[in-house]
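Q: compute the structure for the input listed below.
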Amino acid sequence: MSLATSALPFDDIRNLVGAMPGPSLEAIEAVKKRDAQLTKPQGSLGRLEELVEWLAAWQGMPMPKVTRPLVAVFAANHGVADKGVSAFPKEVTAQMVSNFAAGGAAVNQLCIAYDLGLKVFELALEMPTPDISEEDAFEESECAATMAFGMEAISGGTDLLCLGEMGIANTTVAAAIFYALFGGTAEEWVGPGTGVQGDALKNKIAVVEQAVQRIGGPGKVEPLEVLRRIGGREIAAMAGVILAARMQQVPVVVDGFVTSAAAAILYKMDKTALEHCVFSHASAEPAHRRALTEMGGKPLLDLGMRLGEGSGAAIAAGIIKAAAATHTGMATFADAGVAAQD
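A: Numbers count the residues shown, from 1 in each chain. The predicted structure follows:
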């Protein structure tokens, strides 16, 4: 998907948000009708039944399927890492990208276990975005171009997109985004991330406070300006691909704290912008639950995970695949010669 040319780069993003398609009500009704005839008590598969309706609604298919699932991991570096907000140096981002390529990361194993495709997108790792506590992360044109890059991540085709990220210091950036979008205090949004504690955690809180106050404080600028001024490349790219997926009828599985920050940008632009998304899990990063509450998110899993990489989204994709396969593969009462409920 490419952006049309306009006077201001963000106008193209706004126009796409304004043109987002809705769900297929016909597909939802078809799923409900078939579900009522399957060899089980109605409602007995609980959330799995809801997931099938969600898949149908956003794929536009009365018999939804997941045959080309993709975990897309976006990797970027952040100048704010130099402020000591992470337990690891920013060189680890590139090292982990190499680990993904070699098949050695957790997400590699999860993708193998659940038969998921995996693509890793590097975003100028050698050029970290500026320190957001002191400077804006992007010019508007660069931010829009990064979102457009993200949009291209599904150009090869997929029927279920799972988001993942890698970027030292990106929990700092995500916390700043949530604070700027939803208010509260910096302390409420900042967590340990890679394991920051004690004085280092206090420093991280102070850095997030400085970044958000630099743009006027919470709620002072519109969502795309929040992204431009205190975001990061991987977050901008993920916001772009979430929007592209909506336009192309691809359901999306959001991972944890950082991917949810990308989703939050779109949510604050339009509260219907995430209806084609499910939140895979409640991260152990403390503020993630608050973020989910703010966006009305209902996580599928709660496993105490906080790795990132798309790990939670990959596990959720296995459940979604199972839901679709169960719905399409089960016999009806008539097929099986089983007496239906009175």
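Q: what lies in contact with stretch 318-337?
A: For stretch 318-337, contacts defined as Cβ atoms under 8 Å, 6 or more residues apart in numbering pick out 31, 34-35, 37-40, 45, 48-49, 51-52, 55, 63-66, 69, 113-116, 160, 251, 253, 278, 300-301, 338-340. Every C-beta, even on glycine, is put in place using the N, C-alpha and C of the backbone.
Q: buried ones from the residues you listed, can you make that a ChimeraX selection?
A: The ChimeraX selection below is limited to those of the contacts of stretch 318-337 classed as buried (16 or more other Cβ atoms under 10 Å):
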select :31,34,35,38,45,49,51,52,55,64,65,66,69,114,116,160,251,253,278,300
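Q: mind listing which of the contacts of stretch 318-337 are in strands?
A: The strands, defined by DSSP state E, take in Pro69, Leu160, Val253, Val278 from the contacts of stretch 318-337.
Q: the last one reaches Leu51, doesn't it?
A: Yes. Between Val278 and Leu51 a contact is recorded at 7.3 Å, counting by Cβ atoms under 8 Å.
Q: would you map the strands across this structure?
A: Going by DSSP E, the chain shows strands at 69-75, 117-122, 160-166, 252-254, 277-279.
Q: quick one: the closest residue to Lys40 other than its chain neighbours and Gln37, what's the gap?
A: Nearest residue to Lys40 in three dimensions, chain neighbours excluded: Met330, at 7.3 Å (Cβ to Cβ, 6 or more residues apart in numbering). Met330 sits at a distance of 9 Å from Gln37 (criterion: Cβ to Cβ, to the nearest Å).
Q: ok, now Gly60?
A: Distance from Gly60 to Gln37, counting by Cβ to Cβ: 22 Å.
Q: again with Gly219
A: 49 Å.
Q: cool, and Ala262?
A: 39 Å.
Q: got it, and Lys90?
A: In terms of Cβ to Cβ, Lys90 sits 55 Å off from Gln37.
Q: one more: Gly296?
A: Counting by Cβ to Cβ, the gap from Gly296 to Gln37 is 31 Å.
Q: also Ala105?
A: Per Cβ to Cβ, Ala105 is found 43 Å from Gln37.
Q: got it, and Ala72?
A: On the measure of Cβ to Cβ, Ala72 and Gln37 end up 36 Å apart.
Q: same question, Val73
A: Applying Cβ to Cβ to Val73 and Gln37 gives a distance of 40 Å.
Q: who's in contact with stretch 107-121?
A: 68-75, 97, 100-101, 149-150, 153, 158, 162, 164, 166, 237, 309-311, 314-315, 317-318, 321.
Q: again with stretch 279-295
A: So stretch 279-295 is contacted by 162, 171, 175, 178, 182, 184, 188-193, 253-257, 260-261, 263-264, 267, 274, 297-306, 312-313, 315-317 (Cβ under 8 Å, 6+ apart).
Q: mind checking which of the residues you listed are buried?
A: Among the contacts of stretch 279-295, the ones that count as buried (16+ other Cβ under 10 Å) are 162, 171, 175, 178, 182, 188-193, 253-257, 260-261, 263-264, 267, 274, 297, 299-300, 305-306, 312-313, 315-317.
Q: quick one: which of those sit in helices?
A: 171, 175, 178, 182, 188-189, 257, 260-261, 263-264, 267, 312-313, 315-317 (DSSP state H).
Q: now do the contacts for the residue nearest the centre of the chain.
A: In the chain, the C-alpha nearest the mean C-alpha coordinate belongs to Val254, at 3.2 Å (Cα atoms, centre = their mean). Val254 makes contacts with Leu163, Ile242, Ser260, Ala263, Leu274, Cys277, Val278, Phe279, Ser280, Gly297, Ala313, as judged by Cβ under 8 Å, 6+ apart.
Q: let me know the closest of these to Ile13.
A: Ile242 (11.5 Å; Cβ to Cβ).
Q: quick check: that closest one vs Glu49, distance?
A: Here Ile242 is placed at a distance of 25 Å from Glu49 (Cβ to Cβ).
Q: rebuild the ones in strands among the contacts of stretch 318-337 as a markdown table, extending it with pLDDT and distance to Val120.
A: Below are those laid out as a markdown table (pLDDT from 0 to 100; distance: Cβ to Cβ, whole Å):
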| residue | pLDDT | distance to Val120 |
| --- | --- | --- |
| Pro69 | 98 | 16 |
| Leu160 | 98 | 18 |
| Val253 | 98 | 17 |
| Val278 | 98 | 22 |
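Q: who does the residue nearest to Gly310 when sequence neighbours are not counted form a beta bridge with?
A: Of all residues not flanking Gly310 in the chain, Gly164 sits nearest, at 2.1 Å (Cβ to Cβ, 6+ apart). Taking DSSP bridges as the rule, Gly164 bridges to Val73.
Q: which residues are in contact with Gly164?
A: Taking Cβ under 8 Å, 6+ apart as the test, what Gly164 contacts is 71-74, 107, 255, 259, 308-311, 313-314.
Q: same list (the residues you listed) but as CSV, adding distance to Ser141.
A: Below are the contacts of Gly164 laid out as CSV (distance: Cβ to Cβ, whole Å):
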residue, distance to Ser141
Val71, 29
Ala72, 23
Val73, 25
Phe74, 19
Val107, 32
Asp255, 28
Thr259, 24
Gly308, 28
Glu309, 30
Gly310, 28
Ser311, 33
Ala313, 30
Ala314, 34
